[in-house]
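K.L.:
here are the coordinates; sequence isn't available:
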């Protein structure tokens, strides 16, 4: 069985900047003032930064004279939910959706968990109500760097489709290697590939389905692209 997942974003083309040997930096002081100038030297041993200021000339700033660097939180989570209802001429419909994501990330590992649920029901005039959509999913993934570029990953996901006659429940297990191809403050692109094991079961006709309630080996190739327009 093959599973493919792609998360797409929008990349904005921008002109290539002209080549310059001078690095212009901005240092923020505790009182909120900023110093802009050409970087001359950074000393990682004592945290001293030396820059050439247009008006002040050579300026040497110690780490104690700067605002402490803000550290990114190790945990990040988001939740979204929505309800839509319509009624007209005796016909009505109701849709409910929920999505939740949480992630832990440090220099040595990354753990992510996501889940979602979507249900929609409708009822025509003088007809019994019907379930049009009833789907849910959950995914747990763990990444561990093994070198300068590739990461090892393990993934387990569950898919639920209540409207299926067979294959209501689907479980996928996947391990392999992930290659972070692009990584910046606004954009991340990762390609993951590796062997997988798929199981599917459940439903009123699952017993007569030759593919149901059996495990199937395969391979999975996924591409994950995320983009933040502002940061």
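P.N.:
Done, it's in. Please read all numbers here as calculations on a predicted model, not as lab measurements.
K.L.:
can you give me the end-to-end distance of stretch 156-173?
P.N.:
Start-to-end span of stretch 156-173 (Cα to Cα, to the nearest Å) is 5 Å.
K.L.:
ok, which stretches of the protein are strands?
P.N.:
Shown for the chain, the strands assigned by DSSP state E span residues 2-7, 24-28, 34-43, 48-53, 57-61, 75-88, 91-105, 110-123, 130-145, 151-161, 169-183, 187-201, 214-227.
K.L.:
Between these, which has the poorest mean confidence score?
P.N.:
Mean pLDDT values for the strands of the chain show the minimum at strand 2-7, a mean of 37.
K.L.:
and the gap between the residue lying closest to residue 167 once chain neighbours are set aside and residue 61?
P.N.:
Using Cβ to Cβ, 6 or more residues apart in numbering and skipping the chain neighbours, the partner closest in space to residue 167 is residue 200 (4.3 Å). Yep, even glycine has a C-beta here, placed from its N, CA and C like the rest. With distances defined as Cβ to Cβ, to the nearest Å, the gap from residue 200 to residue 61 amounts to 61 Å.
K.L.:
give the contact list for residue 123.
P.N.:
91, 92, 93, 129, 130 (Cβ atoms under 8 Å, 6 or more residues apart in numbering).
K.L.:
Quick one: residues contacting the residue nearest to residue 167.
P.N.:
For residue 200, the set of contacting residues under the criterion of Cβ under 8 Å, 6+ apart consists of 166, 167, 169, 170, 171, 211, 212, 213, 214.
K.L.:
Of these, keep whichever come out buried.
P.N.:
Neighbour counting by 16 or more other Cβ atoms under 10 Å classes 166, 167, 169, 170, 212, 213 among the contacts of residue 200 as buried.
K.L.:
closest to residue 142 among those?
P.N.:
Of all these, residue 170 has the smallest distance to residue 142: 20.3 Å, by Cβ to Cβ.
K.L.:
Next one: residue 163, what pLDDT does it get?
P.N.:
Residue 163 carries a pLDDT score of 91 in this model.
K.L.:
Make sure it is actually in contact with residue 134.
P.N.:
Yes - under the criterion of Cβ atoms under 8 Å, residue 163 lies in contact with residue 134, with a separation of 5.7 Å.
K.L.:
Please compare those two by neighbour count and tell me which comes out ahead.
P.N.:
Higher neighbour count among residue 163 and residue 134: residue 134, with 17 against 12, using other Cβ atoms under 10 Å.
K.L.:
Just to check, the more buried one is in contact with residue 162?
P.N.:
Yes - under the criterion of Cβ under 8 Å, residue 134 makes contact with residue 162 at 3.5 Å.
K.L.:
What lies in contact with stretch 154-168?
P.N.:
Stretch 154-168 has contacts (Cβ under 8 Å, 6+ apart) with 131-142, 169-175, 192, 200-206, 208-209, 211-212.
K.L.:
give me that answer again for 7 Å
P.N.:
When contacts are defined by Cβ atoms under 7 Å, 6 or more residues apart in numbering, stretch 154-168 is touched by residues 131, 133-142, 169-175, 200, 202-206, 209, 212.
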